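Asker: my questions concern the predicted model and sequence given below.
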Amino acid sequence: MESTLVLIKPSGVIRCLIGDIIARFQHKGLIIAGLKMMQLDEAILHEHYAHLVDKPFFPSLLVSMTRTPVVAMVVKGVDAVAVVRSMTGATNGRKAAPGTIRGDFSMSGQENIVHASDSVENADIEVRRFFKPEEVFNYTDDTFKYLYAPDEV
Ligand code: TYD
């Protein structure tokens with residue numbers, strides 16, 4: 001069972017998509033193991049987007065990501081990292097496939113509604129970056145039999 005980090009970015013918050021996005025993950029059968037609203041600052045964004053700090057668009061990304069609070073979630077399931085990435089879609093909303101969150105709700109490579117961890121290794125780091133251990137809950141073991149075959153979990 002994997003856990004992955006999802007952020008509903010200011011573009012998703014301001015466009016009133018919080019409920020729709022959470023519903024997509026829940027309807028899929030993924031479990032929301034952690035959930036909170038946070039105002040991000042430059043320090044956490046420098047860490048979170050360390051691979052992008054030298055890009056020309058980084059200052060604009062900082063403005064975009066601090067415009068409103070974000071909704072941070074820990075999303076849990078078998079192969080959750082890959083499943084959530086595929087539900088998120090390509091970085092640029094204009095290129096993301098219809099049916100994905102970015103493909104359905106975004107026209108932009110920056111204002112692209114959600115962040116989702118891109119590897120199991122990064123998911124572990126990002127969950128720990130945004131959530132204290134006591135903010136991640138384990139309340140759903142009884143439901144796995146309705147979501148998976150016995151040999152899948
Ligand atoms: P990246 O990690 O490349 O993509 P993803 O979010 O799909 O994992 O980029 C992180 C964020 O940086 C991206 O979601 C939006 C922003 N960004 C831009 O604003 N312009 C760009 O050209 C790129 C590549 C990213």
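Answerer: Good, I have the coordinates.
Asker: when you work out contacts or count neighbours from here on, use the C-alpha atoms and nothing else.
Answerer: OK.
Asker: which SS state does Ala33 fall under?
Answerer: Per DSSP: H, G, I helix; E, B strand; the rest coil, the local secondary structure of Ala33 is strand.
Asker: Val70 versus that one, what's the distance?
Answerer: Counting by CA to CA, to the nearest Å, the gap from Ala33 to Val70 is 17 Å.
Asker: any weak-confidence spans in this protein?
Answerer: Nowhere does the chain drop to pLDDT under 70.
Asker: picking that back up, and Ala33 and Val70? which has more neighbours close in?
Answerer: Between Ala33 and Val70, counting by other CA atoms under 10 Å, Val70 is the more crowded of the two (24 against 18).
Asker: now the phi/psi pair for the more buried one, please.
Answerer: phi -110, psi 160 (degrees, to the nearest 10).
Asker: tell me which residues touch it, please.
Answerer: Leu7, Ile8, Lys9, Pro10, Val13, Met37, Met38, Gln39, Leu40 (CA atoms under 8 Å, 6 or more residues apart in numbering).
Asker: isn't the fourth one right up against Pro69?
Answerer: Yes: with contact defined as CA atoms under 8 Å, Pro10 reaches Pro69; the gap is 6.3 Å.
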